[in-house]
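Chemist: Fold the following and give me the result.
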Amino acid sequence: MPELVFFSGTMDCGKSTLALQIGHNRSARGLQGVIFTRDDRAGEGKLSSRLGLVTEAVEADEGLDLYAYLVAQLSKGGRVDYVIVDEAQFLAPDQIDQLARVVDDLEMDVFAFGITTDFRTRLFPGSQRLVELADRIEQLQVEALCWCGSRATHNARTIDGEMVVEGAQVVVGDVNRQAGEVGYEVLCRRHHRRRATAASAQAGALSPDVLPVSST
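Modeler: Numbers count the residues shown, from 1 in each chain. Sure thing, here's the model as predicted:
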């Protein structure tokens, strides 16, 4: 039976790498899929991993009806055996509903990959809807690590190395930033609660990443 599967985790846990691997394995067996993504670090219409792998994808803008897009491909004689969605946390809840309809009405497997919570430990709207609708939720097995060496469970936003817990959900940042710019790192729950970042602990950051998120 086709399934809507949600692969979730923090930054640095290999979501995009697994998405690429799933696509490769199915392609090697002669299956054809459509890959959707949103706000990938490599730019519009790309699915990339920090291992350096990149493939073309369809940019799932907020107004894109994913179900209608796939129906249009099939109506033109195209073949679609499965769907991969990376950065699924950025999708609107109604787009997640469309993915569920793809599974139920078009009988395709849909593999969605995303971060569950934002820097404030609040569920992303897209992730929340996936938790509500997914046939199966898989926690990624590659553990991201906090600067202390413990398993990282939370995403933190920083400015000049200091953790912040207020602000818009949509802010793009990087660890390679100028003074005053926004960055991100992953922390264990204890250090997220204490707002103890790698910089404030005088430790080396272990999580170079970018986390663009949608506004509430």
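Chemist: Please name the strands paired to the one helix or strand in the chain whose mean pLDDT sits lowest in the sheet, noting orientation.
Modeler: Lowest by mean pLDDT, DSSP states H and E among the helices and strands of the chain is strand 46-48, with a mean of 77. Applying DSSP bridges, strand 46-48 is found paired with strand 54-56 (antiparallel).
Chemist: Just after the strand it pairs with, pick out the following helix or strand.
Modeler: Using DSSP states H and E, the helix or strand that directly follows strand 54-56 along the chain is strand 58-59.
Chemist: what about that next one, distance to the chain center?
Modeler: How far strand 58-59 lies from its chain's middle: 14 Å, per Cα atoms, centre = their mean, to the nearest Å.
Chemist: If you count contacts, what does it end up packed against?
Modeler: Helices and strands touching strand 58-59, by 3 or more Cβ pairs under 8 Å, 6 or more residues apart in numbering; DSSP states H and E, are strand 33-37. Where you see a C-beta, it was placed from the backbone N, CA and C, and this is true even at glycine.
Chemist: Give me every residue in contact with the least confident helix or strand of the chain, excluding its own residues.
Modeler: 16, 19-20, 35, 37, 40-42, 54-57, 84, 86 (Cβ atoms under 8 Å, 6 or more residues apart in numbering).
Chemist: same check, this time on stretch 132-139
Modeler: For stretch 132-139, the external contacting residues (Cβ under 8 Å, 6+ apart) are 3-9, 96-97, 99-100, 103, 112, 130-131.
Chemist: mind running it again at 6 Å?
Modeler: Outside of stretch 132-139, the residues within contact range by Cβ atoms under 6 Å, 6 or more residues apart in numbering are 3-7, 100.
Chemist: By neighbours, which of these wins?
Modeler: Counting neighbours by other Cβ atoms under 10 Å, the top entry in these is Phe6, with 28 neighbours.
Chemist: Considering the contacts of stretch 132-139, which is situated nearest to Asp61?
Modeler: Among the contacts of stretch 132-139, Ala100 lies closest to Asp61 (Cβ to Cβ), at 19.4 Å.
Chemist: quick one: pLDDT of the residue nearest to the closest one when sequence neighbours are not counted?
Modeler: Computed as Cβ to Cβ, 6 or more residues apart in numbering, the closest residue to Ala100 that is not its neighbour in sequence is Leu133, at 4.8 Å. Leu133 is assigned a pLDDT of 97 by the prediction.
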